[in-house]
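Asks: Structure of the sequence below:
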Amino acid sequence: MHARDRHNGGPFADETPVSLTTRLTYVLPHRVLSALARRLAYSGHPRISRWLIDTVTRRFGVDLGEAAEPDPRAYATFNAFFTRGLREGARTPDPDPQALLMPADGRISQCGPIGHPFQEPGRIFQAKGQSFTAAELLADEDAARPYANGVFATIYLSPRDYHRVHMPWSGRLLETVHVPGRLFSVGPAAVRTVPRLFARNERLVCHFDTDFGPMAVVMVGALLVSGVETVWGGVEIPRYGDAVTAKDYRGADIALERFAEMARFNYGSTVIVLLPEGVASLASGLSAEAPVRLGERLATLR
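Replies: All right, here's what the predicted structure looks like:
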């Protein structure tokens, strides 16, 4: 077992104005709220599930025309609706065989070279005045070393988005690491003001071995996110606890192809992809707040 870094840092590291909602998230009982949200999401009571589905569909403009099941009344629970599949052909992978793929629908929170603009290997840009290290994100200094001068992309999924996460590139699963933590909102306001947000929230780190070397895909939880599921292990979060928990899959021969589904969120959150130095160049035109869709080009192998 590697040494795990779980330092949490302090609030409001710079002078960016902080919203009342963001301040409240420091004192809200995150796990209690998440557990209550989970009960609602999995409730089979028709009036509850229909109210939740109708509310989210109307408020966030969900396009059910892309869903494999477009009838909102066909979903037995809100969670079934929220983790709905897409109809065949709704998303297609970039045809260039050298293209690494966008793992989810959403918006780019940030992306770029790891270490820039800090001139510090391993440091990842979160927002103006905010950053964290790859070691903090992965909770493992040894696992973070290959990414010290690599590239990253942080993708934010809103409640309207498709909530299944797919493989950017073909890989063999090596290990998952469940890192317990807080459940701050991952919306733009919180990202701008909560120091080291993605390295403080509860998350599932997925380590893959690929033909170009290691690749990390990190599923970051958020306020009211009641779970993360993987195609190989089922429900991974919540399993609340205070210890970092690693699972070794090196002998399980779990291989996933490029564009294959790997995991899903219950409620919206964030996916972070880390690639090693010298492996790939991020696609041109990617920038903060740019809308992205599953299967589009994330990067190109060099």
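Asks: Identify the residues contacting residue 286.
Replies: When contacts are counted by Cβ atoms under 8 Å, 6 or more residues apart in numbering, residue 286 touches 108, 111, 153, 292, 298. In this view, the C-beta of every residue, glycine as well, is placed from N, C-alpha and C.
Asks: Pretty sure the second one sits in a helix.
Replies: It refers to residue 111. No - according to DSSP: H, G, I helix; E, B strand; the rest coil, residue 111 belongs to no helix; its state is strand.
Asks: That one - how many residues pack around it?
Replies: Residue 111 has 23 neighbouring residues, counting by other Cβ atoms under 10 Å.
Asks: same thing with residue 269?
Replies: Neighbours of residue 269 (other Cβ under 10 Å): 28.
Asks: Could you pick out the longest helix of the chain?
Replies: The single longest helix within the chain, with elements called by DSSP state H, is helix 46-60.
Asks: Can you name the element that comes right after it?
Replies: Toward the C-terminus, helix 46-60 is succeeded by helix 78-82 as the next helix or strand (DSSP states H and E).
Asks: Work out the sheet partners of the next helix or strand after that next one and label each with its direction, please.
Replies: Once the chain leaves helix 78-82, the next helix or strand it forms, by DSSP H and E, is strand 99-101. Strand 99-101 sits in its sheet next to strand 297-301 (antiparallel), going by DSSP bridges.
Asks: Contacts made by the partner strand with the rest, please.
Replies: Counting by Cβ under 8 Å, 6+ apart, strand 297-301 makes contact with 94, 96, 98-103, 151, 153, 168, 212, 273, 275, 279-283, 286, all of which sit outside it.
Asks: Go through it and flag the buried ones.
Replies: For strand 297-301, a neighbour-count test (16 or more other Cβ atoms under 10 Å) marks 297-299 as buried.
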